[in-house]
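Trainee: Attaching a predicted model along with its sequence, questions to come.
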Amino acid sequence: MKKLLLIFSAFTLSLALAACGGNDDDPDPITCDDGFTLVDGECVEDEITECEEGFVLVDGECVVEQDENAPIFDGVADLEITIGDPFDPLTGVTATDNIDGDVTADIVISGAVNVNTIGNYTITYTVTDSDGNTQTVTRVVTVKGMDGCDVHQELQDGLCVDIPPEVITIMHGAVHEIDPFHESYSGTEQLERQQLQEEVEEFYNVDIVYAPYPDDAGWGPNRVSKIIQSSVAGDHLSDIYWVTSDWIQQLVQGDAITPVTSYMSTHGTNIDPVWWDVGGYQGNIYGFESFKVTMETGLYYNAELIDSLGVPNPTQLYLDGQWTWSTFETWATNVQTQLTPLGDDYFALGGMLSYYAASMVPLNGGSLINATTGRVSFAQNPAIETYDFLATLEDKGLFETAPAYDAGSPQWLAGKVALHPGSLWFINAANRWGGLPFELGFVPYPVADDFSGEYVSPVGGVALMTVASGMTPEREELVFKVWNALQIWLTDEEAAEAFELSLLTKFDDELYITAYMDVYDKVYLDLINAIGIRAYSENGWTANINAAIRDDNARSVMDSIAPIYAAALEDYLGE
């Protein structure tokens, strides 16, 4: 028995020694490399809290620090030279970057100095480092005469006397919109524009005059004729004319305006390239402006009337992605049903059918005369389908029976029509909608149910500037440079912000602004009114489509006038 107990005690002791780690074959304790810490038996990477020089901590990792310092120029101070002196714009000019070092070889120069002509010249220097940081500076180089007189002076009887400034006239249909010194100026940045004009006048030695069109040069054909007549007589009304893109062909054929194509690569590099198409004709550029081309047409509605009917808000329907033709038809039918008991002069839809057709054809994948394709398309299937859809709405009695162009019918102006086509500038214009007794809402035109493209709106008859013909090359260039220098140039982002701010002066509800900004720059150039066929003439598309939709014979009518437009388009394109 004692022997048995002794054996059992020995066995128990051996187990206890094994449990206490007495076995020399156990693995070594876990150790972690630098940068790691043992957590629950595992090595976990330490959290980074600081980085070496030249690196920054981003999302727990050290990444190369992005340099945000642009290069620095030296040697670009304003300079005076004497006429005939040699001038190299890079002489003494250097550019240094804090990372890349000497980047002088990367300098890009724009502008030039004519050392043989007295005057002030602006040179622009631009350089970009390897991190994309750009520095731009300008310098004025003044070329003085041999007689020692300042620019804009000449020597008379041993004295330097001022040269009288040249008068440059800009003719506009609404001078108060562009003349910053006008007592009723309605534009923006008035003080900044006043200061800019004074600087431009001094720099170029000019007096800038803003002049209204004569009373007998009203909008349209009369204005075009007046400009051409003054050119033929050799006594232009102005140096710069504010016209529309639809008049360019007539003005060019009347030798009333001159191309500015050559300036687009020099003085006009800041002009948006879209003006090359909008202001172009047969390979040359005639019209230009300082801003982007934006959508002008849309659907406007009596917001108070719509709200009182309890129907869905059309702007919200658009923003929710539901503003299709079928939804539009249902909505208009519902509105008409509720308006009919109020009187037989109440209607859901107002305005001319041509307005709807022109803007809805592109939203069915078509166009009227697309400047890019150079084809007459208003008789093709996408257009015909649009006309047929509008005819359906007309047959249902949704359109007012006595519509009117522009401002609209008395029924619309009195608040008896729910929705009406129009242009943005109508809203505050005294001769359009400036005095409407109700709140205006805005919604883009509806898209075809199966339309899968991007929203797009046709533009035509775009207001722009042109330069009168018949000047000396020197004066012509001066006129263009002066206009260009008078503008406040904005980046695309700044332009969008400025446009959105302008909408605050037109709409009471931010909902409308949101919808407008969603489509404001989605445009294409349509030539329907630019190729020499008047809209309301016997063969004009506008006059014909209004009647054809009501008479339900759009296809045959469009087929009959399409060849006439095709011939006019061929002449317009110079083919």
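Mentor: Received, thanks.
Trainee: What residues of the strand or helix carrying Leu501 count as buried?
Mentor: In the assignment (DSSP states H and E), Leu501 maps to helix 492-503. In terms of neighbour count (16 or more other CB atoms under 10 Å), helix 492-503 has its buried residues at 495-496, 499, 503. To be clear about C-beta, it is placed using only N, CA and C from the backbone, and glycine gets the same treatment.
Trainee: Doesn't Trp247 belong to a helix?
Mentor: Yes: under DSSP: H, G, I helix; E, B strand; the rest coil, Trp247 falls within a helix.
Trainee: Flag the shaky bits of this structure, pLDDT-wise.
Mentor: Within the chain, the ranges that satisfy pLDDT under 70 run 1-28, 49, 54.
Trainee: I'd say Ile81 and Val115 touch.
Mentor: Yes: applying CB atoms under 8 Å, one finds Ile81 in contact with Val115, separated by 6.8 Å.
Trainee: Identify the contacts common to these two.
Mentor: Residues touching both Ile81 and Val115 (CB atoms under 8 Å, 6 or more residues apart in numbering) are 87, 143.
Trainee: Export the buried residues of helix 492-503 to a markdown table and append columns for distance to Glu61.
Mentor: Output for the buried residues of helix 492-503, formatted as a markdown table (distance: CB to CB, whole Å):
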| residue | distance to Glu61 |
| --- | --- |
| Ala495 | 38 |
| Ala496 | 35 |
| Phe499 | 41 |
| Leu503 | 43 |
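Trainee: ok, which stretches of the stretch 101-250 of the chain are helices?
Mentor: For the stretch 101-250 of the chain, helices defined by DSSP state H, counting those that start in this stretch occupy the ranges 190-204, 221-232, 248-253.
Trainee: Which residues does the longest one contact?
Mentor: For helix 190-204, contacts defined as CB under 8 Å, 6+ apart pick out 120, 165, 180-181, 187, 206-208, 478, 481-482, 485-486, 488.
Trainee: switch to 10 Å and redo it
Mentor: Contacts with helix 190-204, where a contact means CB atoms under 10 Å, 6 or more residues apart in numbering, come from 119-120, 122, 140, 151-152, 165-166, 168, 178-182, 185, 187, 189, 206-208, 210, 478-479, 481-488.
Trainee: Any of these buried? List them.
Mentor: In those, burial by neighbour count holds for 119-120, 122, 151-152, 168, 178-180, 185, 206, 208, 210, 478-479, 481-486, counting by 16+ other CB under 10 Å.
Trainee: Please identify the helix or strand for Ala515.
Mentor: Per DSSP H and E: helix 510-519 holds Ala515.
Trainee: Which helix or strand lies directly C-terminal to that helix?
Mentor: Next helix or strand after helix 510-519 toward the C-terminus (DSSP H and E): strand 523-525.
Trainee: That following strand packs against which elements?
Mentor: With contacts taken as 3 or more CB pairs under 10 Å, 6 or more residues apart in numbering; DSSP states H and E, strand 523-525 sits against helix 274-278, strand 369-370, strand 457-459.
Trainee: Same list, these, but as TSV with mean neighbour count please.
Mentor: Output for those, formatted as TSV (neighbours: other CB atoms under 10 Å):
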stretch	mean neighbour count
helix 274-278	19
strand 369-370	22
strand 457-459	21
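Trainee: any chance of these in CSV, plus distance to Asn428?
Mentor: Shown next, in CSV, are these (distance: least, CB to CB, whole Å):
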stretch, distance to Asn428
helix 274-278, 24
strand 369-370, 31
strand 457-459, 20
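Trainee: So which of these is nearest Ser469?
Mentor: If you check each of the helices and strands packed on strand 523-525 against Ser469 by CB to CB, helix 274-278 wins as the nearest, at 18.9 Å.
Trainee: From the contact counts, what lies against that closest one?
Mentor: Short answer (3+ CB pairs under 10 Å, 6+ apart): helix 274-278 packs on strand 284-285, strand 463-468, strand 523-525.
Trainee: Distance from it to the middle of the chain?
Mentor: Taking CA atoms, centre = their mean, to the nearest Å, one finds helix 274-278 lying 12 Å from the centre of the chain it belongs to.
Trainee: that older thread, how about the helices and strands packed on helix 274-278, which one is nearest Gln336?
Mentor: So among those, strand 523-525 is nearest, using CB to CB, at 31.2 Å.
Trainee: what's next to the closest one, contact-wise?
Mentor: Contacts of strand 523-525 with the rest of the structure, by CB under 10 Å, 6+ apart, involve 245, 274, 277-280, 292-297, 362, 367, 369-373, 456-460, 462.
Trainee: Tell me which strands it pairs with, and in which orientation.
Mentor: Under the criterion DSSP bridges, strand 523-525 sits next to strand 457-459 (parallel) in its sheet.
Trainee: Run through who's touching the partner strand.
Mentor: In contact with strand 457-459 (CB under 10 Å, 6+ apart) are residues 245, 274, 278, 293-298, 358-359, 361-363, 367-371, 444-445, 519-528.
Trainee: filter those residues to the buried ones?
Mentor: By 16+ other CB under 10 Å, these give 245, 274, 278, 293-298, 358-359, 361-363, 367-371, 444-445, 519-521, 523-528 as buried.
Trainee: So if we follow the domain assignment, how does this protein break up?
Mentor: Domain assignment for the chain by automatic domain parsing gives 72-153, 168-288+468-487, 297-462+498-573.
Trainee: Now distance to Val39 too, for those domains, in CSV please.
Mentor: Shown next, in CSV, are the domains of the chain (distance: least, CB to CB, whole Å):
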stretch, distance to Val39
domain 72-153, 39
domain 168-288+468-487, 60
domain 297-462+498-573, 50
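Trainee: Thr37 is nearest to which of those domains?
Mentor: Closest to Thr37 of those, according to CB to CB: domain 72-153, at 35.9 Å.
Trainee: quick check: longest helix of the protein.
Mentor: helix 554-573 (DSSP state H).
Trainee: which residues touch the residue positioned nearest the centre of the chain?
Mentor: Central residue of the chain (CA atoms, centre = their mean): Lys292, 2.9 Å from the mean position. When contacts are counted by CB under 10 Å, 6+ apart, Lys292 touches 272, 274-275, 490, 492, 495-496, 499, 520-521, 523.
Trainee: quick check, nearest of the residues you listed to Leu393?
Mentor: Closest approach to Leu393 among those (CB to CB): Val523, at 25.3 Å.
Trainee: The closest one pairs with what?
Mentor: According to DSSP bridges, beta-bridge pairing links Val523 with Ser457.
Trainee: so how far is Ala77 from it?
Mentor: Noted for Val523: a distance of 44 Å to Ala77, by CB to CB, to the nearest Å.
Trainee: residues in contact with stretch 475-482?
Mentor: By CB under 10 Å, 6+ apart, the list of residues contacting stretch 475-482 reads 119, 122, 166, 168-170, 197, 200-201, 203-206, 208, 238-240, 258, 260, 262-264, 266-268, 288, 465, 467-472.
Trainee: Please list only the buried members of the residues you listed.
Mentor: Burial by neighbour count, judged by 16+ other CB under 10 Å, picks out 119, 122, 168-170, 197, 200-201, 203-206, 208, 238-240, 258, 260, 263-264, 267-268, 288, 465, 467-469 from those.
Trainee: pretty sure Gly397 contacts Phe347?
Mentor: Yes: in this structure, Gly397 is within contact of Phe347 by CB atoms under 10 Å, at 8.1 Å.
Trainee: any common contacting residues for these two?
Mentor: In terms of CB under 10 Å, 6+ apart, Gly397 and Phe347 are both contacted by the residues 336, 340.
Trainee: And the two? Which one has more around it.
Mentor: Set Gly397 next to Phe347 and count neighbours by other CB atoms under 10 Å: Phe347 wins out with 27 against 14.
Trainee: which one is that one nearest to, not counting chain neighbours?
Mentor: Glu400 (4.0 Å; CB to CB, 6 or more residues apart in numbering).
Trainee: residue contacts, the one you found?
Mentor: Going by CB under 10 Å, 6+ apart, Glu400 touches 345-351, 408-409, 411-412, 416-418, 420.
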